[in-house]
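Asks: need coordinates for the below:
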Amino acid sequence: MSGDSHDILARLRALREGDAPTHGGRVLSYVYDSGLGELDELADAAARLARPLNGLDPTVFPSIAAMESDVVGFARRMLHGGRSVVGSVTSGGTESCLLAVKAARDLWREAHPDGGRPRLLTASTVHAAFQKAALLFDLDWDAVPVGPDGALGAEDLIARMDGDVALVVVSAPAYPTGALDAVASVAPAAADRGIACHVDACFGGFVLPWWPGLPRWDFRVRGVTSISADLHKFGYAPKGVSVLLHGGRGQGGRRRQRAQFFATTRWAGYPVVNPTLLGSRSASPLAAGWAIMQHLSDDGYAQLAGSIRRVADAVRETVVDIPGLTVLGDPVGPAIALVADDSVPPGERVDPHRLADELAGHGWKIQHQPGLVQTDGVRIPHSAHLTLTPVLEQRVGEFGDALRAASDSVRGRPRADARMLLAGMRALGYGEGGRVPGPKAAWRLLRLAGAGKVSADQPMAVLMALIEKLPPPVAEVLLTELLARLSEPR
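Replies: You can find the predicted model right below:
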């Protein structure tokens, strides 16, 4: 063997030093730190035990089926599903969402053999995974505009329900805003029209069951036919493990779940039966999620949800006292979006993207979100997203101090100006007639925008301002090029 294991691991540790910290609560997106060190140790041990297994065939490795049964059973009880609710463990929220759409599409096609192309009906704030699902599975994505505060008007969604809708999706809560969609109004209306209704609880599924004072949003609501919830978010499991549950009257849940499967005997090899999009699957994330679920159980998740609620209250109280900054809408659960307070003069406002860049210098990472002009012309303002985790309770005062200091530093500074870059791109004809830059031109434009080098503390305000103003096809090409360049061999 040519590589020394100590040198290899030392190199990996050196590479990791450039990453944002995954523990301690300083990164308020992407990572979900419970603050309980024993969970990491338990997850590592369980993942090691399951590392050689292949989830492709649980008849060969029955431990996989046993763990999956336990995970689905816990999630079913957590989300108030009866014995008719069944489900699958997937590789993450995106796969859960894709499978929910795929199953609904197939059942719709079965019922409408000459029905043409079905629609996927959602709010504009639904997770981007559903756009991907519509593209992959050949549905028209119909995005219903929400208010400028991110709140969905249930009547607006219901008004668009028709026979060509294969699936209605509501969020619990919506990731960009933290708003809980009106599941209790939408799902029964969908049921009355014979339309399936999916609740995307990938983000909040392991928090909202223990969040007091919420309207019903789970299987207790008539018309909810499927729910997705991620163990690798607030189930505190390593990436990537999620659960997708299907329900319905009689055998409706089983029928819906079976529609997500792929099975074939029409080749020369072994019979292939895949409940998910993947064939071979690592059992390590499942084992880690299963072990953490066994350890925490209801009481543990309830305590961690209580911690998140206290953090949310503390952050909102802090923001109330910061001139020029406010919380978007009325979020519930573990997400808060910060926006500039338009009720005060421009010279007193705190731009959320300037704030996010400034906070990085204080050792905290929050997430830039571009504004969105919806099809009705209503704009959801550009914002900074905060994912709130239990570990943040230990240092929420420190975060509040940093938030105040960073706000003071950027107050009155206007939003980043990308007009010169935008004018240059228009002069080159990008966006006109659908023209988009190729890889070389896209990379040159990214470097002009200051995004040619990306690190954990890279300022993003200028790029976000540019992204919002560009036609989506051009913006998407630029972002694709940015991510593609990161992993190209040097």
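Asks: for the rest of this, base every contact and every neighbour count on C-alpha atoms.
Replies: OK.
Asks: what comes up buried for stretch 407-416?
Replies: If you call a residue buried by 16 or more other Cα atoms under 10 Å, then stretch 407-416 has these buried ones: 407-408, 410-412, 415-416.
Asks: same check on stretch 63-81?
Replies: Using 16+ other Cα under 10 Å as the burial criterion, the residues of stretch 63-81 that qualify are 63-65, 67-69, 71-76, 78-81.
Asks: keep only those of the residues you listed that are in helices.
Replies: By the criterion of DSSP state H, membership of these in helices covers 63-65, 67-69, 71-76, 78.
Asks: can you redo those residues as TSV with pLDDT?
Replies: Shown next, in TSV, are these (pLDDT from 0 to 100):
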residue	pLDDT
63	95
64	94
65	94
67	95
68	96
69	96
71	97
72	97
73	97
74	97
75	97
76	97
78	97
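Asks: kindly reformat these as TSV containing distance to residue 15.
Replies: Putting these into TSV (distance: Cα to Cα, whole Å) gives the following:
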residue	distance to residue 15
63	35
64	33
65	36
67	34
68	34
69	38
71	34
72	37
73	39
74	38
75	37
76	40
78	39
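Asks: my guess is residue 156 contacts residue 147. True?
Replies: No. Using Cα atoms under 8 Å, residue 156 and residue 147 do not qualify as a contacting pair, with a distance of 10.7 Å.
Asks: give me the contact list for stretch 295-306.
Replies: Contacts to stretch 295-306, defined as Cα atoms under 8 Å, 6 or more residues apart in numbering, come from residues 34, 206-208, 210-211, 235, 390.
Asks: out of these, which is nearest to residue 294?
Replies: Sorting those by how near they are to residue 294, with Cα to Cα, puts residue 235 at the top with 10.9 Å.
Asks: residue contacts, that closest one?
Replies: In this structure, residue 235 makes contact with 206, 289, 292-293, 301, judged by Cα under 8 Å, 6+ apart.
Asks: by neighbours, which of those wins?
Replies: Ranked by the number of neighbours (other Cα atoms under 10 Å), those place residue 289 first, at 31 neighbours.
Asks: could I get the pLDDT score of that residue?
Replies: Model confidence at residue 289, expressed as pLDDT, equals 97.
Asks: am I right that it is in a strand?
Replies: No. Counting by DSSP: H, G, I helix; E, B strand; the rest coil, one finds residue 289 to be helix, located in no strand.
Asks: so residue 367 sits against residue 388, correct?
Replies: No. Counting by Cα under 8 Å, residue 367 does not reach residue 388; the two are 11.9 Å apart.
Asks: how close does residue 163 sit to residue 169?
Replies: Taking Cα to Cα, to the nearest Å as the criterion, residue 163 is separated from residue 169 by 15 Å.
Asks: so the two - more neighbours on which side?
Replies: For residue 163 against residue 169, the residue with the higher neighbour count under other Cα under 10 Å is residue 169, and the figures read 27 against 14.
Asks: contacts for the helix or strand encompassing the more buried one?
Replies: With elements taken from DSSP states H and E, the one containing residue 169 is strand 165-171. When contacts are taken as Cα under 8 Å, 6+ apart, the neighbours of strand 165-171 outside the stretch itself are 101, 104-105, 108, 118-123, 126, 179-183, 186, 190, 195-201.
Asks: and the buried residues of stretch 407-416 as TSV, adding distance to residue 151 and secondary structure?
Replies: Output for the buried residues of stretch 407-416, formatted as TSV (distance: Cα to Cα, whole Å; DSSP: H, G, I helix; E, B strand; the rest coil):
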residue	distance to residue 151	secondary structure
407	26	helix
408	29	helix
410	28	helix
411	27	coil
412	28	coil
415	24	coil
416	27	coil
